[in-house]
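S.K.: All I have is the shape, not the residue letters:
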């Protein structure tokens, strides 16, 4: 198998790939469970904050209760401190999980690369393999540390906010959520465009790494044949493609996030317009309006975060598909089913009607036979491409012959 041109693979979410990725979290399942619980705690502590505003305004300020206002303020401060402590441990554990999992994955990749035959390296650029062990694995670090676990935090924060909003005022909640269809449609467009742009970025990163590896190791050839200008021109094309792909992805972000803010502003306007009249009628309190304005601002924040998490997930899917394609490669030298133990090595070497080709039937050795007796000195002499190095590689069993023995 060859990783041809770093094909843009996969889709935004692949259940089979996700199961394989989650397997690497298995040794750290208790840490993952703790991180999820801490994320839920952070979400709950965040969602309850506007409720303190409602109590302070409607109960204590309205009744000129300075003592009650002081108590509420102190409780609110303690809530913020507790939230900060919980958030610190949550961030520490999730980052630790990410680092541990990518360490395990990198070690497995390197161990696998050491077992692959030389034929695999003949067909795959070294720069692209380096991209697998470095860039692609680092993308998975983002998913493990801030993707999988933090999604729970955002989802439960949205659930908590909506629950508090419905508990306070059903009509205002429905009015606030009336702009959701526009957000869903905008998110759908953003996801599709951003996915294409991010995959293109990954493609150009792999191409740049491959190009750099080939031309730095082959710099002597470039200089001998005066190819510096041509190599520079080719590198400029790859670099420009990477730049344009990044600019394209930035453009989608530059459109999407202001659009989300605009939708949130529309929701604020609807709340003020509808609730303002009810406040004058006395059916809605000022504290409720202030709490809803805070809830509205908090509601759109995890929505934006989930869009970012989606991009992390879809880039992780593309990277993981390439990583697992490499891990699933079985270009090994087969071990004999019943190996013959060496008892007394005499040193006799014999090739009998050996045929060998690196690619298909492009034969390098054709029906080659020779015998080197113990103690005999032999030299392989011939023009470039005659097969001298190939014979030595076959003697070392770096490759398997196609015919002969």
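M.R.: All right, it came through fine. This structure is a prediction, so every number in the text was calculated from the model and none was measured.

S.K.: Going by C-alpha atoms from here, please, whenever you check contacts or count neighbours.
M.R.: OK.

S.K.: how about low-confidence regions in this structure?
M.R.: Low-confidence regions of the chain, defined here as pLDDT under 70, cover residues 1-14, 146-149, 277-283, 331-340, 342, 344-345, 360, 396-397, 405.

S.K.: all helices for it, in order.
M.R.: Counting by DSSP state H, the chain has helices at residues 15-23, 29-47, 49-55, 66-115, 118-123, 126-131, 137-146, 148-168, 170-176, 180-217, 219-224, 228-281, 286-327, 388-395.

S.K.: Serialize these to JSON lines and add fields for distance to residue 350 and mean neighbour count.
M.R.: Putting those into JSON lines (distance: least, C-alpha to C-alpha, whole Å; neighbours: other C-alpha atoms under 10 Å) gives the following:
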{"stretch": "helix 15-23", "distance to residue 350": "46", "mean neighbour count": "13"}
{"stretch": "helix 29-47", "distance to residue 350": "55", "mean neighbour count": "20"}
{"stretch": "helix 49-55", "distance to residue 350": "82", "mean neighbour count": "19"}
{"stretch": "helix 66-115", "distance to residue 350": "27", "mean neighbour count": "16"}
{"stretch": "helix 118-123", "distance to residue 350": "23", "mean neighbour count": "15"}
{"stretch": "helix 126-131", "distance to residue 350": "34", "mean neighbour count": "19"}
{"stretch": "helix 137-146", "distance to residue 350": "45", "mean neighbour count": "22"}
{"stretch": "helix 148-168", "distance to residue 350": "58", "mean neighbour count": "19"}
{"stretch": "helix 170-176", "distance to residue 350": "84", "mean neighbour count": "17"}
{"stretch": "helix 180-217", "distance to residue 350": "36", "mean neighbour count": "17"}
{"stretch": "helix 219-224", "distance to residue 350": "37", "mean neighbour count": "12"}
{"stretch": "helix 228-281", "distance to residue 350": "45", "mean neighbour count": "15"}
{"stretch": "helix 286-327", "distance to residue 350": "36", "mean neighbour count": "20"}
{"stretch": "helix 388-395", "distance to residue 350": "10", "mean neighbour count": "15"}
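
S.K.: ok, residue 91 - contacts?
M.R.: When the contact criterion is C-alpha atoms under 8 Å, 6 or more residues apart in numbering, residue 91 has no partners at all.

S.K.: In space, not sequence, find me the middle residue of this protein.
M.R.: For the chain, the residue sitting closest to the mean C-alpha position, by C-alpha atoms, centre = their mean, is residue 316 at 2.7 Å.

S.K.: now that residue, nearest residue through space, not along the chain?
M.R.: For residue 316, ignoring the flanking residues on the chain, the nearest one in space by C-alpha to C-alpha, 6 or more residues apart in numbering is residue 140 at 5.4 Å.

S.K.: pretty sure that neighbour is touching residue 321, no?
M.R.: No - at 11.0 Å, residue 140 and residue 321 do not qualify as touching, with contact defined as C-alpha atoms under 8 Å.

S.K.: who touches stretch 356-376?
M.R.: Residues external to stretch 356-376 that are found in contact with it (C-alpha under 8 Å, 6+ apart): 119, 346-355, 378, 385-387, 390, 400-404.

S.K.: End to end on that stretch, go ahead and measure it.
M.R.: One end of stretch 356-376 sits 25 Å from the other (C-alpha to C-alpha, to the nearest Å).
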